[in-house]
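A.B. asks: here is a sequence with its predicted model. Questions after.
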Amino acid sequence: DQQVKQNSPSLSVQEGRISILNCDYTNSMFDYFLWYKKYPAEGPTFLISISSIKDKNEDGRFTVFLNKSAKHLSLHIVPSQPGDSAVYFCAARDFGNEKLTFGTGTRLTIIP
Amino acid sequence: GAGVSQSPSNKVTEKGKDVELRCDPISGHTALYWYRQSLGQGLEFLIYFQGNSAPDKSGLPSDRFSAERTGGSVSTLTIQRTQQEDSAVYLCASTPGLTGELFFGEGSRLTVL
């Protein structure tokens, strides 16, 4: 039972354009959402997060949007840069439970 | 150290052997997690330690898997009688426990022949 889904395994975007990575979830008890970025042979690193009481959080080139009614969140990267090429994981935390549930990841490739 | 340290970084073993993977979390972090990533898969939760509380073992795939955390710091994940399907990158993460942000190590890549 995949509670956090990233339906696009890969995405290619031209440098300078906007990258939009999507994530859907099924568990209505999730109250906190995070995006992680992973380069090959490295551990995932935290990128940005959003609480369920918000619908948008912005940090520089990165913005996360949360649509609770649709159980959907997205990560926008603008403008996209070659260094953004990585695998991006969406993660969610269950209220009252400290563990994070991760999606399967989306491999983003920025084309110079 | 400054970050989460894992060893070994790579381990190749024969089917049926036991392996131990070690994680040294960030100093002061009270919570420690083990995840694994199999080829083409997402991050699969294995086990979670928080302070002196009983660990959440709900993600361990079989009784061949066990983990302990000594002195609230270093953790060891043990896989007994390894199988080929155990081949994966095993990731350890720690957190101060106040937020959902996990700090991951670089992982231990396990290959079972």
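C.D. replies: Received it, and whenever you're ready, just let me know what you need. Numbers count the residues shown, from 1 in each chain, chains lettered A, B, ... in the order given.
A.B. asks: which bits of chain B sit near chain A?
C.D. replies: B:4, B:31, B:33, B:35, B:41-45, B:48, B:50, B:56, B:59, B:91, B:93, B:97, B:99-107 (Cβ under 8 Å from any Cβ of the partner chain). Just so you know, the C-beta spots here come from the backbone N, C-alpha and C atoms, and that holds for glycine as well.
A.B. asks: can you name the residue of chain B nearest to chain A?
C.D. replies: Residue of chain B nearest chain A, by Cβ to the nearest Cβ: residue B:104 (3.2 Å).
A.B. asks: point out where the chain drops to low pLDDT.
C.D. replies: As the question left the chain open, I've gone with chain A. Applying pLDDT under 70 to chain A flags residues A:1.
A.B. asks: should've been chain B
C.D. replies: In chain B, residues with pLDDT under 70: B:1, B:98-100.
A.B. asks: so for it, the centremost residue is which one?
C.D. replies: residue B:34 (3.4 Å; Cα atoms, centre = their mean).
A.B. asks: nearest residue to that residue other than its sequence neighbours?
C.D. replies: residue B:46 (4.2 Å; Cβ to Cβ, 6 or more residues apart in numbering or on different chains).
A.B. asks: for burial, what's the neighbour tally of residue 4?
C.D. replies: No chain in the question, so chain A it is. 24 (other Cβ atoms under 10 Å in any protein chain shown).
A.B. asks: actually, chain B is the one I wanted.
C.D. replies: Using other Cβ under 10 Å, residue B:4 has 24 other residues around it.
A.B. asks: give me the beta-bridge partners of residue B:108?
C.D. replies: With DSSP bridges as the criterion, residue B:108 is bridged to residue B:90.
A.B. asks: residue B:47 too?
C.D. replies: Residue B:47 has the following beta-bridge partners by DSSP bridges: residue B:34.
A.B. asks: close to chain B: what parts of chain A are there?
C.D. replies: A:4, A:6, A:32, A:34, A:36, A:41-46, A:49, A:89, A:91, A:93, A:98-105.
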